[in-house]
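Trainee: Here is my input, please return the structure:
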Amino acid sequence: MAANIKRGLLTIFISFVFSATYSQSNSLYETIAKLDSTFFTAYNHCDLSKQSELMSDSIEFYHDRGGLSTSKTEIMAAIEKNICGKVTRELVKGSIEVSPIPDYGAVEIGMHMFHNNQEKNAIPHPSRFVIIWRNKNDRWTITRVISLH
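Mentor: Predicted structure coming up:
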């Protein structure tokens, strides 16, 4: 009987730990998914102020075609020149994965497509991305981006 009680308590403990971990992961997922939506809604509507607010001053943007960019000012200027009114981003539904980075924030991995309205016949294709989000004093910012096409 003591073994059954121990087994039962162990089962309850494991269930509690799993439930708490799942709840934290689910909450983090919802936070990052909302941040992704906020940033890319601003991206699609050329809200440079909101994009800048969500981007760290120490941003590192790795692009498989354009290389590394580390100047927030230059990245924002490139978005204004090359993206605003020309390109929109569409998240591939169900593609986001979120993992915590202890004492830092989270990593978001997913797939998205870019629609270029300057090339009406261009067919967008899914591409991978990685975004590192930092949570400092309850303020989330994008610190690293890897964009692969």
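
Trainee: Distance check, the closest residue to residue 57 other than its chain neighbours against residue 31.
Mentor: Nearest in space to residue 57, with sequence neighbours left out and distances taken as Cβ to Cβ, 6 or more residues apart in numbering, is residue 72 at 5.6 Å. In this view, the C-beta of every residue, glycine as well, is placed from N, C-alpha and C. Here the criterion is Cβ to Cβ, to the nearest Å. By it, residue 72 lies 22 Å from residue 31.

Trainee: Residue 69 now?
Mentor: From residue 69 to residue 31 the distance is 26 Å (Cβ to Cβ).

Trainee: circling back: spit out the contact partners of the residue nearest to residue 57.
Mentor: 52, 55, 56, 57, 58, 59 (Cβ atoms under 8 Å, 6 or more residues apart in numbering).

Trainee: 7 Å instead?
Mentor: 55, 57, 59 (Cβ atoms under 7 Å, 6 or more residues apart in numbering).

Trainee: Can you flag the buried ones in the residues you listed?
Mentor: 55, 59 (16 or more other Cβ atoms under 10 Å).

Trainee: what would the contacts of residue 72 look like in JSON lines with pLDDT?
Mentor: Formatted as JSON lines, the contacts of residue 72 follow (pLDDT from 0 to 100):
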{"residue": "55", "pLDDT": "98"}
{"residue": "57", "pLDDT": "98"}
{"residue": "59", "pLDDT": "98"}
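
Trainee: Narrow the contacts of residue 72 to those in strands?
Mentor: Counted as lying in strands by DSSP state E, out of the contacts of residue 72, are 55, 57, 59.

Trainee: May I have the residues that are in contact with the closest residue to residue 69 other than its chain neighbours?
Mentor: Of all residues not flanking residue 69 in the chain, residue 61 sits nearest, at 4.4 Å (Cβ to Cβ, 6+ apart). Residues near residue 61 by Cβ under 7 Å, 6+ apart: 69, 75, 145.

Trainee: Buried subset of these as a PyMOL selection?
Mentor: To isolate the buried members of the contacts of residue 61 in PyMOL, using 16+ other Cβ under 10 Å:
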select buried, resi 75+145
